[in-house]
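Chemist: whatever this is, show me its structure:
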Amino acid sequence: MKLVCYTVDGGDAFPLRPAPVTREWMDRIPDHHAYRCLPLNIANSHGWEIASPCALEVEWDGSPNLRGMAIRALDGYPEVSRVAVSLFAHGIVTFYLSYLFRTEPGWNLLATGPFNRPKDGVAPLTGIIETDWLPYPFTMNWQMTRPGKVRFDKDEPFCVVFPVRVRAVLETHPEIRNLADDPMLEAQANAWQKHRDEFHARDPATRKEAWKRYYFLG
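Modeler: As a prediction, the model looks like this:
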């Protein structure tokens, strides 16, 4: 499937790239053992990220008014208002993406902040956009969680996008079942739990040497 990314605003587009598996906080953990969590790695690199073309600071005084937020470029960027603005008040900062995205029929685009990359003082808001028909760009919004200042560095990602099927959630119906109703699956789950309990019962040095990679190997 193609994700078509039309540049807008004169073609001066912001950086668009595959989301990386790495995270600074994961790198800081001794032995980088956070990377042993395969679901975390998959989520980290799921989609494409859009990065800021400049370093900017958002300051919010806590009021619900548009004038309660100020956005400043920190590196001499000439037009910070074409990157981020206050449109909705209530501590919400809006980023322009510089792209008009189009997906194939039957596919939407989910837009949110970078996965597993927490940012103090501000949180990303998530949207699903009907990009299989929408003829204009959308924006990415973050909400300040308290009065104060937050900084977005140059080349820091502020949005991640990836395609999702239209109506996939509406057409999915969860079924609650007893695990004992599937003896083979129950046996596999019990065997995994037994190995895990035995592994965690070992001393830390032995666990480090014998770390198991069941999920990686399948």
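Chemist: pretty sure residue 188 sits in a helix.
Modeler: Yes. Under DSSP: H, G, I helix; E, B strand; the rest coil, residue 188 sits within a helix.
Chemist: count of residues packed around it?
Modeler: 11 (other C-beta atoms under 10 Å). No exception for glycine: its C-beta is placed from N, CA and C like everyone else's.
Chemist: what's the answer for residue 49, then?
Modeler: Residue 49: 22 neighbours (other C-beta under 10 Å).
Chemist: check which helix or strand it maps to.
Modeler: strand 48-51 (DSSP states H and E).
Chemist: other SSEs contacting the lengthiest strand in the chain?
Modeler: Ranked by residue count, the top strand of the chain under DSSP state E comes out as strand 157-165. Applying 3 or more C-beta pairs under 8 Å, 6 or more residues apart in numbering; DSSP states H and E, we find strand 157-165 packed against strand 48-51, strand 107-112, strand 139-144.
Chemist: what's next to it, contact-wise?
Modeler: Counting by C-beta atoms under 8 Å, 6 or more residues apart in numbering, strand 157-165 makes contact with 1, 3, 19, 46-52, 95, 97, 101, 103, 106-115, 117, 124, 128, 140, 142, 152, all of which sit outside it.
Chemist: write the ChimeraX selection for whichever of those residues are buried.
Modeler: Burial among these is assessed by 16 or more other C-beta atoms under 10 Å; the matching ChimeraX selection reads:
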select :3,19,47,48,49,50,51,52,95,97,101,103,107,108,109,110,111,112,113,114,115,117,124,140,142,152
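Chemist: how far away is the residue lying farthest from the centre of the chain from residue 93?
Modeler: Computed with C-alpha atoms, centre = their mean, the residue of the chain farthest from its C-alpha average is residue 183, at 37.1 Å. Going from residue 183 to residue 93 by C-beta to C-beta, to the nearest Å gives 53 Å.
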